[in-house]
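Undergrad: quick one, structure for this:
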Amino acid sequence: MPGLLAQGASPQQQPPQSAPQPRQQQPQAQPEQGDPRVNVDRQKGQEMYNAVVESALKYLYGPGLKQVEQALGQGDNIVERMGVVISTVMLTIQNALAAQGKTVPPGVMFQAGMELAKAVGEMAQEMGRLPQQGGADAIESAFMAAMGRFGQLVSDAAMTQEQRQRYAELIRTVRELKQQAGPRETQEPQRQEQGEPMGQEAREAPTARQPMQGGM
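TA: Predicted coordinates:
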């Protein structure tokens with residue numbers, strides 16, 4: 001999926017003292033009417049996205065660093081290991097919000113998961129599990145694997161059928177865009193955002209400092 005998970009900046013030699021700030025995302029589609037757990041307005045969606053990404057990155061580079069590095073260091077299949085880490089962080093945030101009676105609309109979690117996948121990929125590069133150049137395909141594959149695992153592990157109580165349907169639509173769109181884009185080598189990296197309005201107030205996002213759940 002060239003462009004959807006474009007490579008970020010060169011990884012740092014040491015984990016940063018504080019987590020990187022989330023990149024600004026701008027949904028391109030107008031908000032749709034309907035269940036606010038699925039579709040909400042752009043401004044609230046941007047706030048929620050920023051909060052979810054910041055929470056995930058703070059965990060990766062803070063209290064979860066050793067656990068994440070241990071998970072990435074296991075086994076021979078680094079794509080699988082990255083997918084486990086990404087989905088586990090996403091599940092932790094989803095469960096924390098569900099415990100508060102809150103929810104993350106699919107567009108928010110999906111785009112936040114993309115940013116999280118890039119951060120995990122950079123950690124894998126720092127550890128020597130991925131090459132410093134040319135690891136984008138592995139990161140994208142790990143993201144798609146993470147979305148599948150996330151969907152399997154999240155409970156029915158924490159996700160409505162409409163939300164599951166929206167996740168399936170987003171995944172299908174990503175796969176179609178990848179097929180249309182063709183070989184990566186001929187293209188400049190560029191970000192293409194999904195048109196999902198994102199939402200719920202930013203103050204409702206968890207700090208992601210709880211022990212990670214889901215079995216890394």
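Undergrad: mind pulling up the pLDDT for residue 79?
TA: Residue 79 is assigned a predicted lDDT (pLDDT) of 96.
Undergrad: over to residue 91?
TA: 92.
Undergrad: quick one: classify it as helix, strand or coil.
TA: Here residue 91 is recorded as helix under DSSP: H, G, I helix; E, B strand; the rest coil.
Undergrad: so it touches residue 154, yeah?
TA: Yes - using Cβ atoms under 8 Å, residue 91 is in contact with residue 154, at 6.2 Å. (Each C-beta comes from the backbone N, C-alpha and C, glycine too.)
Undergrad: quick one: low-confidence residue ranges for the chain.
TA: Scanning the chain for pLDDT under 70 picks out the ranges 1-41, 182-215.
Undergrad: can you show me the helices along it?
TA: Ranges of helices within the chain are 42-60, 65-72, 78-99, 106-126, 136-153, 161-181, based on DSSP state H.
Undergrad: which of these sits most buried?
TA: helix 106-126 (a mean of 25; mean count of other Cβ atoms under 10 Å).
Undergrad: which elements pack onto it?
TA: Contacts defined by 3 or more Cβ pairs under 8 Å, 6 or more residues apart in numbering; DSSP states H and E place helix 106-126 against helix 42-60, helix 65-72, helix 78-99, helix 136-153, helix 161-181.
Undergrad: so can I have TSV of these showing distance to residue 114?
TA: Below are the helices and strands packed on helix 106-126 laid out as TSV (distance: least, Cβ to Cβ, whole Å):
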stretch	distance to residue 114
helix 42-60	9
helix 65-72	17
helix 78-99	10
helix 136-153	6
helix 161-181	9
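Undergrad: quick one: closest of those to residue 106.
TA: helix 161-181 (4.1 Å; Cβ to Cβ).
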